[in-house]
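In: have a look; sequence and predicted model below, questions after that.
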Amino acid sequence: MLERTKIIGLLNSGQAQESVLLKGWIRTLRESKDFSFIELNDGSCLSNIQIIVDSVVDNYKEIAKLSTGAAISVTGELVESPGKGQKWEVRATAVEILGVSPDDFPLQKKRHTDEYLRTIAHLRPRSNKYGAIFRIRSKLSFAIHKFLQERDFQWIHTPIITGSDCEGAGEMFNVTTLDLDNIPKKAGAVDYEQDFFGKQASLTVSGQLSVETFCLSLGNVYTFGPTFRAENSNTSRHMSEFWMIEPEMAFADLKDDMALGQEFVQYLIKYTLEECAEDLELFAKFVDKNLMSTLENIINNDFIRFSYTDAVDLLQKSGQKFEYPVVWGSDLQSEHERFLTEKHFKQPVIVYDYPKDIKAFYMRLNDDEKTVAAMDILVPAIGEIIGGSQREERYDMLQKRINDMNFDEADYWWYLDTRKYGTVPHAGFGLGFERLLMLVTGITNIRDVIPFPRTPKHLEF
RNA sequence: UCCCCGGUAGCUCAGUCGGUAGAGCGGGUGACUGUUAAUCACUAGGUCGGCAGUUCGAGCCUGUCCCGGGGAGCCA
């Protein structure tokens, strides 16, 4: 019994092959009286392989009537193509129809808008562009593990369901089995004691607090998985469900954190350039003409490091008109970040040592007592791709920060414990996986780099 | 959530001054001995996002709702 060969294998074949079996979906079919050309794709690579079906083949009439989207199985001979445009082609000896595709198949042999393709997210990976995106997404997922594992980081599976309503990174989705039409109440409030976990439960907004506990036992660790934010954000850079990589290093400070962030981003881009060259070419050609020079620029230069205070100073003296004024103590606006990365430096910028009042409670207070050891890596077009910090490892300082922010200390008992027993300096960051994919592909809407995007009021598929 | 732009054939769009609808692609049928998003001929396909209003007459003007996009805030 002949085994199926993937199209990528056939196209890279070193020699002709007498007998091959391949299966895939028809991209286009060009029919003439005596034979037809079929462009077949099986998802193994961007390229199609050309199949020649002679009219002497038994079911030729049926085959010639097939259209874009149909699935077939082909037995034939791999031969050098006499035509221009491809090295190899398959001369079919038999074609089996696996699944027809009626004429209302929504993907046509032409370019569609991303907005339209989003409405058929179950079929869009059958297009060239989306096939390429999701092959790159898979490769990059692997590269993330490869990079971190090669540096002895251990992957920690932090929970998706969490009992902390205090992870400090935005609104959370509730997880409940309570009957929403008949919610049990106690003293006017929801009685969570009757809920599944006996307390309020949510979907995680970040694995950081959990992964820190493992950092302070296994050393260098990371999480990589989905996170959830119930924010009513309607932008091309936000989703309710997205994937995040959060490395955490023991015995490390903010400098180490910034170094890891830069090395990581540069590694991932290099990896894509080497391992996804064919797919990447599509984006350089059709999505962003400057993609290659942008990526080359990122991997060949150190990221600019600039303290928040210096950044504010630079922005104030820039002479640039901003809609929002630049004031020390308030967060940088999108327009400010864009000015730094796109106009002034024209490359990734790491801004560090932010005012403590605009950052999370767990970030380490600097000696000036006004700023914390936080850093954001900003890239052109996308903005913040990494947000990280050295963590506050001093028990008293952490306790004070929790109280200053009017959080309930009791909620953080286990987190505080890690500072009580054998605390050490440590640092980490969160890298938005989809934002990384946007950077690498030049895609400008985050909904187009995840298989089934979840955003406010959108839960189809 | 706020601001701006848009919604016309299956898809991408045009539609002038308010006078009842157009193209390309796709589909169907036919032609074609090597095509490359093939080509050529013919052909079918429309509640102009919904509702209400102004007008003799609305795709076009007004109101409102729905949907999509861009920008902002929040952040990754």
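Out: That came through fine.

In: ramachandran angles for the residue in chain A positioned nearest to RNA strand B?
Out: Taking Cβ to the nearest atom of the strand as the measure, chain A has residue A:83 as its residue closest to RNA strand B, at 2.4 Å. Heads up, the C-betas are built off the backbone N, CA and C, glycines and all. Residue A:83 adopts backbone torsions of phi -80, psi 170, taken as degrees, to the nearest 10.

In: which parts of the stretch 301-450 of chain A are strands?
Out: Using DSSP state E, counting those that start in this stretch, the strands of the stretch 301-450 of chain A run over residues A:304-307, A:349-355, A:371-379, A:383-390, A:426-432.

In: give me the contacts around the longest one.
Out: The contact list for strand A:371-379 (Cβ atoms under 8 Å, 6 or more residues apart in numbering) reads A:253-254, A:257-258, A:261-262, A:265, A:298, A:303, A:308-309, A:337, A:340-341, A:348-356, A:359-360, A:363-366, A:384-390, A:427, A:429, A:439.

In: give me the buried entries from those.
Out: Those of those that meet the buried threshold are A:254, A:257-258, A:261-262, A:265, A:298, A:303, A:308-309, A:337, A:340-341, A:348-356, A:359-360, A:363-366, A:384-390, A:427, A:429, A:439, by 16 or more other Cβ atoms under 10 Å.

In: within reach of RNA strand B, which of the residues you listed are there?
Out: Of the entries in these, those that also sit close to RNA strand B under the rule Cβ under 7 Å from any atom of the strand are A:384-387.

In: rebuild those residues as CSV, extending it with pLDDT.
Out: Conversion of these to CSV gives the following (pLDDT from 0 to 100):
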residue, pLDDT
A:384, 91
A:385, 93
A:386, 95
A:387, 94
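
In: now for those residues: which two are most distant?
Out: A:385 and A:387 (8.5 Å; Cβ to Cβ).

In: quick check: the gap between residue A:450 and residue A:115.
Out: For residue A:450, the distance to residue A:115 (Cβ to Cβ, to the nearest Å) stands at 16 Å.

In: repeat that for residue A:221.
Out: 40 Å.

In: neighbour count for these two, which is higher?
Out: For residue A:221 against residue A:115, the residue with the higher neighbour count under other Cβ atoms under 10 Å is residue A:221, and the figures read 27 against 10.

In: okay, and the beta partners of that one?
Out: Listed by DSSP bridges, the beta-bridge partners for residue A:221 are residue A:154, residue A:248.

In: contacting residues for it?
Out: Counting by Cβ under 8 Å, 6+ apart, residue A:221 touches A:153-156, A:211, A:214-215, A:247-248.

In: the longest strand seen in chain A vs RNA strand B: in contact?
Out: Taking DSSP state E as the criterion, chain A has its longest strand at strand A:17-31. Yes: using Cβ under 7 Å from any atom of the strand, strand A:17-31 reaches RNA strand B at A:28, A:30-31.

In: flag the least confident of the residues you listed.
Out: Across the residues of strand A:17-31 next to RNA strand B, the bottom pLDDT score, 85, is held by residue A:31.

In: list the contacts of the residue nearest to that residue when sequence neighbours are not counted.
Out: Across the structure, with Cβ to Cβ, 6 or more residues apart in numbering as the measure, the residue nearest residue A:31 apart from its sequence neighbours is residue A:64 (4.7 Å). For residue A:64, the contacting residues are A:29, A:31, A:36, A:53, A:55, by Cβ under 8 Å, 6+ apart.
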